[in-house]
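Undergrad: generate a structure from the sequence data that follows.
(one chain, ligands or ions: 2)
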Amino acid sequence: MQAFLKGSSTQSNKLQKDKAAPGTSTEKRARSVPWVEKYRPKCVDEVAFQEEVVAVLKKSLEGADLPNLLFYGPPGTGKTSTILAASRELFGPQLYKQRVLELNASDERGIQVVRQKVKNFAQLTVAGTRTDGKKCPPFKIIILDEADSMTGPAQAALRRTMEKESRTTRFCLICNYISRIIEPLTSRCSKFRFKPLANWIQEERLLDICAKENLKYSKEGIAALVKVSEGDLRKAITFLQSAARLVIDQEITEKTIVEIAGVVPSKMIDNLLQTCFKGTFEKVQSAIKDMVDEGYAATQILSQLHESVIKQDLNDKQKSAITEKMAVVDKCLVDGADEYLQMLSLCSVIMEQASSN
Ligand SMILES: Nc1ncnc2c1ncn2[C@@H]1O[C@H](COP(=O)(O)OP(=O)(O)O)[C@@H](O)[C@H]1O
Ligand SMILES: [Mg+2]
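TA: Ligands and ions are numbered 1, 2, ... in the order given. Have a look, this model is predicted:
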């Protein structure tokens, strides 16, 4: 029981810490914790930009009547942080371990696990006071992070447990895609959508970290960081930490960020598009080969091509045909298709559309 009460994510963080510490004795302090953990909001008030969610959640915290929750939205927008902070506020650090069960995708979560772990934990009865005498809600919280990766049967098994244990247990499901959660589960939860973070909020958080870590930076550097992370603050913070390691005691510039994020130079993208519009198949083929050989990720090329294509002087029909193909290519890449072939098939469609003018 104790083993999984701790939750695997905290354990793996500890492992990383232990690994990172030796060897870099001079900078041990700065490097021991990943910054995403170090700067994770400690209380719900620190969660930025998700005002509606925080307001509703705080109301529930005051009254201590929490419904089952379902958080959904893109990565790095504060979903995990919010429920962790809320549980900590509810139970305090001491009771936390007894009252909160955290399971994420790295845990085995087939139907068997839901039946056993979740059921065992949900059936424990709880008191309405803390060890320090303060009142606390008479229930436990089970957090199922990345719930969209749970199998259908496991989700179905959860449905019954959720209902049966409703007196003593609240569930918090977290996912990126709400469409992957079965309807009987979504209808049993209050749903909260997490918005991608606005640029200015991201900038604010990043500048805050820069100040705390004593980093030097240029304005363009931070702007580039916000742009490449596309509303995902976790990504932005991780890039910032890598950048800080790369340019010790120097300024973090736009160039550093572009390098770390693997952004394809816009010249290369323009060149590829122009070749598609005017060049021959051979030239397109070799341009793609060069890019893939340089080590640029196809998903990155795809997203930059997308940005660029919609600004081009093409008619609606051409643009829609191209973007439709992009969606297909994106799916294939997610499924592990060959990068070179996918790019080639996309560029062929761009060529075909451009020449149909
Ligand atoms: N709304 C937010 N307010 C403050 N920090 C945030 C917010 N969203 C993300 N972060 C930062 O990004 C990191 C990852 O957030 P997390 O809650 O794990 O995202 P999610 O679970 O939505 O993918 C956190 O450590 C925190 O530093
Ligand atoms: Mg998360």
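Undergrad: tell me, how many residues neighbour the closest residue to ligand 1 within the stretch 251-357 of the chain?
TA: Sorted by distance to ligand 1 under CB to the nearest ligand atom, the residues of the stretch 251-357 of the chain start with Ala261, at 16.4 Å. The way it works is simple: take the backbone N, C-alpha and C, and place the C-beta from them, glycine included. Neighbourhood size, Ala261 [other CB atoms under 10 Å]: 18.
Undergrad: my guess is it meets Phe239, correct?
TA: Yes. If you go by CB atoms under 8 Å, Ala261 and Phe239 touch, sitting 5.9 Å apart.
Undergrad: which residues do the two both contact?
TA: Val228, Ser229 (CB atoms under 8 Å, 6 or more residues apart in numbering).
Undergrad: just to revisit the earlier point, residue contacts, the residue of the stretch 251-357 of the chain closest to ligand 1?
TA: Val228, Ser229, Phe239.
Undergrad: quick one, grab the pLDDT at it.
TA: On the pLDDT scale, Ala261 is placed at 91.
Undergrad: return the subset of the contacts of Ala261 lying in helices.
TA: Cross-referencing the contacts of Ala261 against helices under DSSP state H gives Val228, Ser229, Phe239.
Undergrad: secondary structure element for Thr77?
TA: Following DSSP states H and E, there is no helix or strand that holds Thr77.
Undergrad: sorry, back to before: nearest to Cys276, of the contacts of Ala261?
TA: The closest of the contacts of Ala261 to Cys276 turns out to be Val228 (CB to CB; 24.2 Å).
Undergrad: scan the ones in helices among the contacts of Ala261 and report the most crowded one.
TA: Ser229 (24 neighbours).
Undergrad: that residue contacts Ala223, correct?
TA: No. Judged on CB under 8 Å, Ser229 makes no contact with Ala223 at a distance of 11.2 Å.
Undergrad: would you map the strands across the stretch 51-200 of the chain?
TA: 69-72, 100-103, 140-144, 169-175, 190-193 (DSSP state E, counting those that start in this stretch).
Undergrad: apologies, that question was intended for the stretch 201-350 of the chain.
TA: Assigned by DSSP E, counting those that start in this stretch, the stretch 201-350 of the chain shows strands spanning 216-217, 251-252.
Undergrad: pLDDT on the last one, on average?
TA: By that I understand strand 251-252. Rounded mean pLDDT across strand 251-252 is 92.
Undergrad: also near ligand 1: which of the contacts of Ala261, exactly?
TA: Among the contacts of Ala261, no residue is within reach of ligand 1 (CB under 6 Å from any ligand atom).
Undergrad: quick one: contacts for Thr82?
TA: Thr82 neighbours (CB under 8 Å, 6+ apart): Pro41, Val44, Val47, Gln50, Val53, Val54, Leu57, Phe71, Phe194.
Undergrad: could you find the closest non-adjacent residue to the last one?
TA: Excluding its sequence neighbours, the residue lying closest to Phe194 (CB to CB, 6 or more residues apart in numbering) is Gly73, at 3.1 Å.
Undergrad: what's the neighbour count on Gln50?
TA: The local packing of Gln50 (other CB under 10 Å) involves 23 other residues.
Undergrad: you'd agree it is up against Ala198?
TA: No. If you go by CB under 8 Å, Gln50 and Ala198 don't touch, sitting 11.0 Å apart.
Undergrad: what's the burial count for Thr323?
TA: With other CB under 10 Å as criterion, Thr323 counts 13.
Undergrad: er, Met162 actually
TA: Counted with other CB under 10 Å, residues neighbouring Met162 total 21.
Undergrad: how close does Asp293 sit to Met351?
TA: Distance from Asp293 to Met351, counting by CB to CB, to the nearest Å: 21 Å.
Undergrad: who in the stretch 251-357 of the chain is up against ligand 1?
TA: So the stretch 251-357 of the chain never meets ligand 1 (CB under 6 Å from any ligand atom).
Undergrad: how about low-confidence regions in the protein?
TA: 1-31, 64, 130-133 (pLDDT under 70).
Undergrad: please redo it, this time with the cut-off set to 50
TA: The model of the chain has pLDDT under 50 over residues 1-28, 30.
Undergrad: quick one, what contacts the residue nearest the centre of it?
TA: Closest to where the C-alpha atoms of the chain average out (CA atoms, centre = their mean) is Pro75, at 2.3 Å. By CB under 8 Å, 6+ apart, the contact list for Pro75 reads Asn176, Asp232, Arg234, Lys235.
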